[in-house]
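S.K.: Need a 3D model of the following:
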Amino acid sequence: MLKTNYHGTTVNKIAIFPFSMINAFLLINSQGCILIDTGLPDTERKVEGALKKSGLTYSDIKLIIITHAHIDHAGNTAKIKSLSGAPVIAHRGDLAYYRGEKKMHFCSTGWFGRIFSKTGAIQQPYDQFEPDILLASRDTFSLKEYGFDGEVISTPGHTAGSISVVIDNDKAVVGDLISSGILLGGIVRTHKAKRPPFEDNPLQVSHELQSIANKGVQTFFMGHGGPLPKQEVLLHIKKLQQLAAENHDK
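M.R.: Okay, here's the model as predicted:
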């Protein structure tokens, strides 16, 4: 588990899978903690272990933030919500998937995404849940009432309901807006940005990443690999814009 201390908030990366292949995050300060993403189903021991290392328990979780509806980010939400009693915040754009009303679609970004999708692992159902707080459209949600200097913002592009968390004005947890490493992400080359295996709208993703960078964010934490510095993210934004231009010209 990587601990990175910036200003008043410590960002703890929880290794749901080893080598940063799948990450969840704990934001911790003197007021308590916030959990960002819950990982795959039946991985609550990973979260419990991270809490214990920081002298915390499930009851210390003030809020659960779900960045998007893919199983590796939202798959254990129902269980961790039950264990902690914490409210869940998510975006209405992915609500049908959280409720189990609709099967998710996946737009592959390359050969690994196409092969991974064929395994059926990413399409497995998980226990449905009802978010307590729903963002709609371009809503933002301040974390001040939970004792944190930060906000949850709508950042569609990876999925329609993707959201990100900006903390202390200089760092952000961005779910799968960006990835690093190889294959799913992580393992090696974690300092090099790349597209995740699936992505609905790369041009939209580039706009959202640029908007976050414009807020002054210097460090980007993500669900697969990372963290990445702002300069590497800016290079990735340019590549996404070039890709969109090439596709438009075809």
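
S.K.: need the contact list for the residue most central in space within the chain.
M.R.: Against the mean C-alpha coordinate of the chain, by Cα atoms, centre = their mean, the closest residue is Gly175 at 2.0 Å. Each residue near Gly175 by Cβ atoms under 8 Å, 6 or more residues apart in numbering is listed here: Asp37, Thr67, His68, His73, Thr155, His158, Ser162, Ile163, Ser164, Met222, Gly223. From N, CA and C alone the C-beta is placed, and that goes for glycine too.

S.K.: Poorly predicted segments of the chain, please.
M.R.: 1-7, 248-250 (pLDDT under 70).

S.K.: Where is the longest helix in this protein?
M.R.: helix 230-249 (DSSP state H).

S.K.: by contact count, what packs against that helix?
M.R.: With contacts taken as 3 or more Cβ pairs under 8 Å, 6 or more residues apart in numbering; DSSP states H and E, helix 230-249 sits against strand 193-194, helix 202-214, strand 219-221.

S.K.: mind checking the SS state of the residue nearest to the centre of the chain?
M.R.: Classification of Gly175 using DSSP: H, G, I helix; E, B strand; the rest coil returns coil.

S.K.: Give me the neighbour count for the residue nearest to it when sequence neighbours are not counted.
M.R.: Leaving aside its sequence neighbours, Gly175 sits nearest to Thr67 (Cβ to Cβ, 6 or more residues apart in numbering; 3.0 Å). Thr67 sits with 30 neighbouring residues when counted by other Cβ atoms under 10 Å.

S.K.: before we move on, the earlier item: may I see the helices and strands packed on helix 230-249 organised as CSV, with distance to Ile133 and mean neighbour count added?
M.R.: What follows is the helices and strands packed on helix 230-249, written out as CSV (distance: least, Cβ to Cβ, whole Å; neighbours: other Cβ atoms under 10 Å):
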stretch, distance to Ile133, mean neighbour count
strand 193-194, 30, 22
helix 202-214, 20, 19
strand 219-221, 21, 22
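
S.K.: between these, which one is nearest to Pro131?
M.R.: Closest to Pro131 of those, according to Cβ to Cβ: helix 202-214, at 20.3 Å.

S.K.: Quick check: which helices or strands does the closest one pack against?
M.R.: strand 163-167, helix 230-249.

S.K.: what pairs with the first one, and is each one parallel or antiparallel?
M.R.: Paired strands of strand 163-167, with direction, are strand 150-154 (antiparallel), strand 171-173 (antiparallel) (DSSP bridges).

S.K.: ok so, going back, put together JSON lines for the helices and strands packed on helix 230-249, with distance to Lys171 on each row.
M.R.: Output for the helices and strands packed on helix 230-249, formatted as JSON lines (distance: least, Cβ to Cβ, whole Å):
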{"stretch": "strand 193-194", "distance to Lys171": "16"}
{"stretch": "helix 202-214", "distance to Lys171": "10"}
{"stretch": "strand 219-221", "distance to Lys171": "4"}
